[in-house]
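**Student:** Quick one, structure for this:
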Amino acid sequence: MASIPVEKIIRSRRRTIALEITHDATLIVRAPLRTSLSRIDELVAQKRDWIQKKLEEVKSRPVPPERKFTNGEQFLFLGRQYQLEICGDGTAGGAGIVLRDKLYVPLSLTPGIRDHLRCWYAQEAGKYIVLRCNWFSLTTGYQPVSVKIGGARRRLGSCSMKGRVNLSWRLILAPAEVVDYVIVHELVHLKQPDHSKEFWNKVGRIIPDYREHRQWLRQHMAILVI
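**Tutor:** Down below sits the predicted model:
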């Protein structure tokens, strides 16, 4: 019986070994600093059935669309699909990319259109996500030192020990309620750094249906790309 390949081993000052199946169906092991390779191999072998099940689940999820950047192609924004429309400069009432009934991109931006769209998404995320983060900070009392919008693909959000919240612009592709869940998740980490029962209780008091949004992310993480 072939062994299950481990893509990466991440060692830290954690106390237990954790197995993580990524959105692209690879296995990552998070382990304490002194954990031997033999112990990791033993645990992976013990959890083989669970790992195989999770890998199959990930492989059955929606895959990222193959982008051609042609008229009519669908692009997500806050969970809704918009058709791409390549138009003459100024046709949609602006000199740049405009989102209305469709996602309008001037013909002059078609060279390097992927980069232009990513830049536009990042700008829109900077406005919307930061506004939502500020709102939740004011209403919950979880105040970050700073909020930064980055381009991380595997982690849509993180919180540093110094109280800095980092959120990926790719979040702006997800439904608004999912965006709120990720924001609250990271804000709660400011006071509760683990994923204990108490952590999830605190999240649940702010986002009662967080489990639905967490599941949505698990199922659709791979399509939050441009």
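
**Student:** Give me the packing partners of the strand or helix carrying residue 38, helices and strands only.
**Tutor:** Using DSSP states H and E, residue 38 sits in helix 37-46. On a contact count with 3 or more CB pairs under 8 Å, 6 or more residues apart in numbering; DSSP states H and E, helix 37-46 meets strand 27-32. (Glycine included, C-beta is placed from N, CA and C.)

**Student:** pull the CA atoms of the strand it packs on into PDB?
**Tutor:** The C-alpha coordinates for strand 27-32 follow below in PDB (Å, rounded to 0.1, in the frame of the first residue of the first chain):
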ATOM      1  CA  LEU A  27      -1.200  17.200   3.100                       C
ATOM      2  CA  ILE A  28       0.600  19.600   5.500                       C
ATOM      3  CA  VAL A  29       1.700  18.400   9.000                       C
ATOM      4  CA  ARG A  30       2.100  20.900  11.800                       C
ATOM      5  CA  ALA A  31       4.300  19.400  14.600                       C
ATOM      6  CA  PRO A  32       6.100  20.400  17.800                       C
END
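
**Student:** model confidence over it, on average?
**Tutor:** Mean per-residue pLDDT for strand 27-32: 91.

**Student:** just so I have it, where are all the helices in this protein?
**Tutor:** Residue ranges of the helices in the chain, as given by DSSP state H, are 37-46, 48-59, 113-140, 176-188, 197-206, 210-220.

**Student:** CSV for those helices, including distance to residue 10, mean pLDDT and mean neighbour count?
**Tutor:** What follows is the helices of the chain, written out as CSV (distance: least, CB to CB, whole Å; pLDDT from 0 to 100; neighbours: other CB atoms under 10 Å):
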stretch, distance to residue 10, mean pLDDT, mean neighbour count
helix 37-46, 11, 91, 13
helix 48-59, 17, 87, 13
helix 113-140, 27, 96, 16
helix 176-188, 20, 97, 23
helix 197-206, 20, 95, 15
helix 210-220, 20, 92, 16
